[in-house]
Each structure stands twice: as structure tokens, then as C-alpha cells.
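A.B. asks: just need the structure, nothing else, for what follows:
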Amino acid sequence: MLKILLVVLLGGAAAVASVAALLASPWWWAAAAPLLLLVLTALHDLLQHRHSVLRNYPVLGHLRFALEALRPEIQQYFIERNFDGRPFDRDTRSIVYERAKGTEAEEPFGTELDLYRPGSEYLTPSMAPLPVRADPPRVRIGGPDCTQPYDMALLNVSAMSFGSLSANAVLALNTGAQLGGFAHDTGEGGMSEYHLRPGGDLVWEIGTGYFGCRTHDGGFDERQFAEKAAHPQVKCVSLKISQGAKPGIGGVLPGAKVTAEIAKVRGVPQGETVTSPPYHRVYSTPRELVRFLARLRELAGGKPVGFKLCVGSRREFLAVCKAMLEEDTTPDFIVVDGAEGGTGAAPLEFADNVGLPLGDGLMTVHNALVGAGLRDSVRIGAAGKVATGSDLVKRLLQGADYTNAARAMMFAIGCIQAQRCHTNTCPVGVATQDERRARAVDVGDKSQRVRRYQEATVKSALQIMASMGVRDPRGLRPHMLLHRVDPHTVRSYAELHAWLAPGQLLASPPEGWAGDWKAADPDRFSR
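C.D. replies: Sure, this is the predicted structure:
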């Protein structure tokens, strides 16, 4: 009854305004036109069958959809506090913005955090702090079989493909890497001219689609790989097994998005839908994976080769360790991607429920390599919500040798966490292929911001380590990070987690690891 009354009232008002417009003055059309539009909207809402809200609340129901669309912006700008936003809170985003701009990232009047909240973590300062070292340390990537090792910075640009990011965004990131002397991971979308033009060091990432080194039927092309891996900007090669946002999922690039430029970069037909399977064709067992990595290193002329994964089954990773031992070869590095990673759009169920968070994954990989006596040959990178100096120090303490950042680097070039990366409507031109929107990314300005952000964050990490009495990352120990278990109990990482001794799995596996180590099979990914 209410709906009918509403339509009648609107229709009557529109009719009166229309008659007045015809008999009195054309100015009445200013009132008649909107009323007629409302009447038509109300009729449409009553007759449509898709939205129950609109059938019961014609016209007014649209207000609900409008508020729902604005909810993320309302939440971010008017409701959330400085320290409780997600995925990155305002305090963290502000630190990145300020460092990228070259301004002081300092706050007055003390912390806003509840330091007695369970889950809080604290790095322990020393009573004998050290001077901050002026020369940031670098990490030598290259095991016994590597003939062209690379010295990696403590913080680098994590994997983000051209196609996901705009051309200007990729140019800004690689120019920043070139200016600052750190590495830029290409992502699995291939090496574009925007990765190569500025001259920054590259980690060429290869996913299950083998983009850039792909046969016509989607397999791996050794000849193409060898040719491109020989490029002097390619310093390392990374095989992507899985990524944090969506471990175990492939991808589909609709044909409408496969432009001539993207088709050329990825080595696929223009205008045709491209599918990246969830699995690799080049291996099906841990042993085959280890052998393929060795083959990649051979094809790459001895450059460092490794793989990236979001850790799941500890038993499966231990199987890879056994394969390394039996084949007498190791990757040069392993990048651990945390389940909190998020530059790739993913189903919510995967983002929330599949894969280990970065800290747990890091400690699993570090301990497995240590226990198998392989840690000295393999460097570990950490990727997943690394944004600040304290993030960097915590990841080094948990087992990493260096870190990669994706979303923080996006913040540095202007990302505002609009969370529209998958819609091609990024409001600041970072995650889009819309040329009009991408114009917002000024490469000259944003590349300097990337350089300044990386430099300031590494400097912050070195300041924190100096305050802890540590000059080199290798001096960090698990007891230097405390975790509040409950309001009255604090435990160090040394107490909370088991840390294996070198070769312990080979000699006498501890009780918590013995079952998985025994069951791990180098010829089968068993769970």
C-alpha cells in the first residue's frame, strides 16, 4: 500500500508540474523533469525482479545501495582510528607517505596502542646501544652452484606485474629501484619495456603461465628463457610456486584485456583469453622441482635462481629439503610470501583461510633449512605486509635475510588503499590500464618517492637494530622479540617457538619434527 501511495504521490506531483510547465512557464520543467524521473524509477523498481529491497522500497532503496558503495570510504575517512584500519592502518600508511615525501615520520605524545593487549610484540632495546651504521648491509645471493651472485638490498620491490599495474607505475618503481640501488621483482606477467627502460635491477619472476618464455601451447620455452635471462638487468630468476593472496589458484586473463602490448610482453595471442593453471608443467615431485631449478640456473648462465611460495604443509617443504640433499644442489634463494599478501585479487575464502601468515611461514622454512644443514647455501626473502623499519627487523629476526614490499611501494607512488585494484578503476592510476587514470602517476616525482621511502625504511631498521645493540642483521636472535601472550604474560620468540640446530634433522629430529621428517618423500608431494 505504501509503495502504491508513493508512486501515486510522485505521479500526481509530476503531472501537476507538467501541466504548470505547459500552461504557465517553461521554468516549471525544472521541477517536472526530476519528478517524472522519480516516477519512472519507482515504476521500474516495482516491476523488476532482481532486487527485493527495491521492490519493497522503490526509489528509497537506492539510498541503501549508494551508502553501501561509499562504505569503504566512510569507514576509512570518518570512522577508523589511526591504528585499527585494515589491511594497513592509517599510521602505517602515513609513515610510508611521509618517508616517500622526505618529511619526518614522527608522532608526539606517545603511542596510541594498548601495549598490554594480547598479541602485542616488542623488540628489546639494549643498555649498550651502538652507533647507526652509515652503509646499509647487503645480502649475497648465490649458493655453491651460482657463478653470478647478486648483492640484494634489505628492502626491495616485491612482485607486481605490468598489466596489474599501469605502465607509469612500473616505470616509477623501476626508476626508483635504479636510483636507490635495490631490486625490482617483475611479477609473473613478463618483462615489459617499462621494467627495462629505466635500467633498475630485476628479479624475473616466472609463474605457471611461463609468460615471456612460453610455447604456443603454454609450456616452458628454454630458448626464450635463456635469451631473456641473459639480459644484464636480470640479476635473479624466481619461479613462482604460489603467492600469499591465493596459494594454489591459477588465473584467467580475459581476452578483452589482452591488448597488443600485453600480448607481446606475455607471449600470448592478442585478444584471446589466457589461462594460468594452478600447477606447473615442469615438475610434479620435489626432486623434479629441484632439478628444474638447477636447469634454470644453467640456462641463465649461472645467475641466482630460486622460488617463491606461500607455505602450507611443512611435510611437503621438508620433502623438498630431502630432494636438495639427495640431488646435491639447492636454489640460491627462497622467497616466503605470507598469506596476508594482497596485491593479487583473490577469493575472500582464500585470502582469509588458506596458507600460513608470513611469520609462521618464515620460521618453518628457516628451521627446515637449518635442520637439514642447508641454510648456509640458501638465502630467504620475506614478502607480506612489510612496510616499516620494525616490520623489516622482525622478519629478519624470524629467519629472513632480506625483505620485499609490494603494497608499501604502491603507497609510495600514490596508492590510497581504495581497494579497487581488480576493477581497472584505480582512482590514482597505479593499478589500472586506463591511460587517462594512469596519467596521475608522474614518473619523475613518484620514482624519487620510491627511492626515498626505501632509503628511509632501511635507515629506520638500522636505527632499531643499533638501539638493540646489533650492528648486522646476522646478530639478531629470537630472544630479542617479545610477544604478549595474555595481559600478565610475555614470552620471547626463543621461548614460544622451537628453533632447530644446524643438521639436527639429519642427526636426531626433535619430537615435534620427527613425524614430518620421516614421512617427507623427495619423490612425492605427500601431506
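A.B. asks: where does this protein have low pLDDT?
C.D. replies: 1-33, 35, 70-79, 81-86, 105-109, 256, 342-346 (pLDDT under 70).
A.B. asks: show me the longest helix that occurs in it.
C.D. replies: Taking DSSP state H as the criterion, the chain has its longest helix at helix 443-467.
A.B. asks: centre of the chain to that one, how far?
C.D. replies: Chain-centre distance of helix 443-467: 18 Å, with C-alpha atoms, centre = their mean, to the nearest Å.
A.B. asks: quick one, strands of the stretch 201-350 of the chain?
C.D. replies: 201-206, 234-240, 251-253, 274-276, 305-309, 333-337 (DSSP state E, counting those that start in this stretch).
A.B. asks: residues near the closest residue to residue 143 other than its chain neighbours, how many?
C.D. replies: Nearest residue to residue 143, sequence neighbours excluded (C-beta to C-beta, 6 or more residues apart in numbering): residue 377, at 4.2 Å. C-beta here means a position set from N, CA and C on the backbone, and glycine is covered the same way. Neighbour count of residue 377, defined by other C-beta atoms under 10 Å: 18.
A.B. asks: relative to residue 292, how far out is residue 377?
C.D. replies: 17 Å (C-beta to C-beta, to the nearest Å).
A.B. asks: where exactly do the helices run in the stretch 301-450 of the chain?
C.D. replies: Here the stretch 301-450 of the chain has its helices, by DSSP state H, counting those that start in this stretch, at 314-327, 348-353, 358-371, 389-397, 407-412, 435-438, 443-467.
A.B. asks: and the stretch 51-200 of the chain, by the same measure?
C.D. replies: 52-56, 61-74, 90-101, 167-180, 193-196.
A.B. asks: hang on, the earlier thing: please save the CA atoms from the helix or strand following the longest helix of the chain in CSV.
C.D. replies: Proceeding N to C from helix 443-467, the next assigned helix or strand is strand 481-486, under DSSP states H and E. What follows is strand 481-486 as a C-alpha-only set of coordinates in CSV (Å, rounded to 0.1, in the frame of the first residue of the first chain):
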residue,chain,number,x,y,z
LEU,A,481,61.4,-10.2,20.1
LEU,A,482,58.8,-10.5,22.8
HIS,A,483,55.2,-11.5,22.4
ARG,A,484,52.4,-10.8,24.9
VAL,A,485,50.5,-14.0,25.4
ASP,A,486,48.0,-12.5,27.8
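A.B. asks: can you list the helices and strands that strand 481-486 packs against?
C.D. replies: Under the contact criterion of 3 or more C-beta pairs under 8 Å, 6 or more residues apart in numbering; DSSP states H and E, strand 481-486 touches strand 121-123, strand 489-492, helix 493-496.
A.B. asks: out of these, flag the one nearest residue 401.
C.D. replies: Closest approach to residue 401 among those (C-beta to C-beta): helix 493-496, 17.1 Å.
A.B. asks: what lies in contact with that closest one?
C.D. replies: Defining contact as C-beta atoms under 8 Å, 6 or more residues apart in numbering, one finds that helix 493-496 is touched by 397-398, 477-483, 485.
A.B. asks: one more time with 7 Å
C.D. replies: 478-479, 481, 483 (C-beta atoms under 7 Å, 6 or more residues apart in numbering).
A.B. asks: just flag the most distant two among those residues.
C.D. replies: Farthest pair in the contacts of helix 493-496 (C-beta to C-beta) is 479 and 483. Separation: 11.4 Å.
A.B. asks: wait, doesn't the residue nearest to residue 143 sit right on residue 331?
C.D. replies: No - the criterion here is C-beta atoms under 7 Å, and residue 377 misses it with residue 331 at 8.7 Å.
A.B. asks: re the thing from before, comparing the helices of the stretch 51-200 of the chain, which comes out most buried?
C.D. replies: helix 167-180 (a mean of 25; mean count of other C-beta atoms under 10 Å).
A.B. asks: so what does that one touch, helix or strand wise?
C.D. replies: Applying 3 or more C-beta pairs under 7 Å, 6 or more residues apart in numbering; DSSP states H and E, one finds that helix 167-180 contacts strand 183-185, helix 193-196, helix 443-467.
A.B. asks: quick one: distance of it to the chain centre.
C.D. replies: Distance, centroid of helix 167-180 to centroid of chain: 17 Å (C-alpha atoms, centre = their mean).
A.B. asks: just stretch 43-52 next, same as before
C.D. replies: The chain centre lies 41 Å from the centre of stretch 43-52; the measure is C-alpha atoms, centre = their mean.
A.B. asks: buried ones in it?
C.D. replies: Buried residues in stretch 43-52, counted by 16 or more other C-beta atoms under 10 Å: 45-46.
A.B. asks: tabulate the helices of the stretch 51-200 of the chain (a markdown table), appending distance to residue 262.
C.D. replies: Output for these, formatted as a markdown table (distance: least, C-beta to C-beta, whole Å):
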| stretch | distance to residue 262 |
| --- | --- |
| helix 52-56 | 39 |
| helix 61-74 | 28 |
| helix 90-101 | 28 |
| helix 167-180 | 10 |
| helix 193-196 | 12 |
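A.B. asks: can you say which of these is nearest to residue 393?
C.D. replies: helix 90-101 (14.3 Å).
A.B. asks: distance of residue 295 relative to residue 185?
C.D. replies: As judged by C-beta to C-beta, residue 295 and residue 185 stand 21 Å apart.
A.B. asks: neighbour count: those two, which is higher?
C.D. replies: Remark: of residue 295 and residue 185, residue 185 carries more neighbours, 27 against 15, as counted by other C-beta under 10 Å.
A.B. asks: residue 159 is in contact with that one, correct?
C.D. replies: Yes - at 4.1 Å, residue 185 counts as touching residue 159 under the criterion of C-beta under 7 Å.
A.B. asks: which residues touch residue 137?
C.D. replies: Shown in contact with residue 137 (C-beta under 7 Å, 6+ apart): 154, 472-473.
A.B. asks: in CSV: those, plus distance to residue 252 and neighbour count.
C.D. replies: Output for these, formatted as CSV (distance: C-beta to C-beta, whole Å; neighbours: other C-beta atoms under 10 Å):
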residue, distance to residue 252, neighbour count
154, 36, 24
472, 45, 10
473, 40, 20
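A.B. asks: now do the strands in the stretch 1-150 of the chain.
C.D. replies: Using DSSP E, counting those that start in this stretch, the strands of the stretch 1-150 of the chain run over 121-123, 139-141, 150-152.
A.B. asks: what does the second one rub up against?
C.D. replies: Contacting residues not belonging to strand 139-141 are listed as 149-152, 236, 304, 332-333, 379, 401-402 [C-beta under 7 Å, 6+ apart].
A.B. asks: just checking: what are the partner strands of it?
C.D. replies: strand 150-152 (antiparallel) (DSSP bridges).
A.B. asks: for the strand it pairs with, buried residues please.
C.D. replies: For strand 150-152, the neighbour count (16+ other C-beta under 10 Å) marks 150, 152 as buried.
A.B. asks: any idea how far that strand is from the chain center?
C.D. replies: How far strand 150-152 lies from its chain's middle: 21 Å, per C-alpha atoms, centre = their mean.
A.B. asks: please apply the same query to stretch 300-318.
C.D. replies: Centroid separation for stretch 300-318 versus its chain: 17 Å, with C-alpha atoms, centre = their mean.
A.B. asks: before we move on, what about stretch 490-510?
C.D. replies: The answer for stretch 490-510 is 29 Å, by C-alpha atoms, centre = their mean.
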